[in-house]
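1. just need the structure, nothing else, for what follows:
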Amino acid sequence: QVQLQESGPGLVKPSQKLSLSCTVSGGPITIAYYYYNWIRQPPGKGLEWIGYIRYSGDTYYSPSLKSRTSIYRDTSKNQVTLQLNSVTPEDTAVYYCAVGGGVCEYDYWGQGTQVTVSS
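-> Next up is the predicted model:
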């Protein structure tokens with residue numbers, strides 16, 4: 001059973017960098033063929049996919065966020081990290097880590113972490 005736990009700052013100032021970590025338990029993040037996704041839900045809106053990092057280390061990002069997004073991993077900590085640069089209040093959302101066995105598959109979810117962008 002895979003379990004995911006997001007962590008990070010709840011409040012970020014505009015123009016700063018947001019970093020969120022997802023700690024994975026239940027197996028190494030290098031195990032085939034999992035995709036580790038970051039997804040967010042702004043208040044009053046639907047889910048928005050941000051990007052993923054595969055078990056192999058390959059990454060793929062939403063075209064709308066690609067210029068500001070980086071997802072990387074620390075295999076020694078079994079963590080996947082989302083970095084979002086130059087945040088604005090429109091980046092305020094609940095951010096989720098989700099893992100699945102393929103593209104657009106989300107079999108396991110973290111509980112989510114609220115991020116507010118405000119001065």
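2. going forward, measure contacts between C-alpha atoms and count neighbours the same way
-> OK.
3. what's near enough to touch the residue nearest to residue 92 when sequence neighbours are not counted?
-> Using C-alpha to C-alpha, 6 or more residues apart in numbering and skipping the chain neighbours, the partner closest in space to residue 92 is residue 116 (4.6 Å). By C-alpha atoms under 8 Å, 6 or more residues apart in numbering, the contact set of residue 116 is 10-12, 89, 91-93.
4. do residue 73 as well
-> 53, 57, 79-81.
5. what residues does the helix or strand where residue 51 lies touch?
-> Per DSSP states H and E: residue 51 is located in strand 48-54. With contact meaning C-alpha under 8 Å, 6+ apart, strand 48-54 is reached by 33-41, 59-62, 65, 71-73, 80.
6. give the buried subset of these as a ChimeraX selection command.
-> Selection of buried members from those for ChimeraX, criterion 16 or more other C-alpha atoms under 10 Å:
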select :34,35,36,37,38,39,40,41,59,61,71,72,73,80
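7. ok so residue 90 is a helix residue?
-> Yes - the assignment for residue 90 (DSSP: H, G, I helix; E, B strand; the rest coil) places it in a helix.
8. wait, what's in contact with it?
-> 42, 117.
9. circling back: restrict the strand holding residue 51 to CA atoms and write it as PDB.
-> Provided in PDB are the C-alpha atoms of strand 48-54 (Å, rounded to 0.1, in the frame of the first residue of the first chain):
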ATOM      1  CA  GLU A  48      -5.500  21.100 -12.300                       C
ATOM      2  CA  TRP A  49      -2.700  18.700 -13.200                       C
ATOM      3  CA  ILE A  50       0.800  20.300 -12.800                       C
ATOM      4  CA  GLY A  51       3.200  17.600 -13.800                       C
ATOM      5  CA  TYR A  52       4.800  14.300 -13.000                       C
ATOM      6  CA  ILE A  53       8.100  12.600 -12.500                       C
ATOM      7  CA  ARG A  54       8.300   9.000 -13.500                       C
END
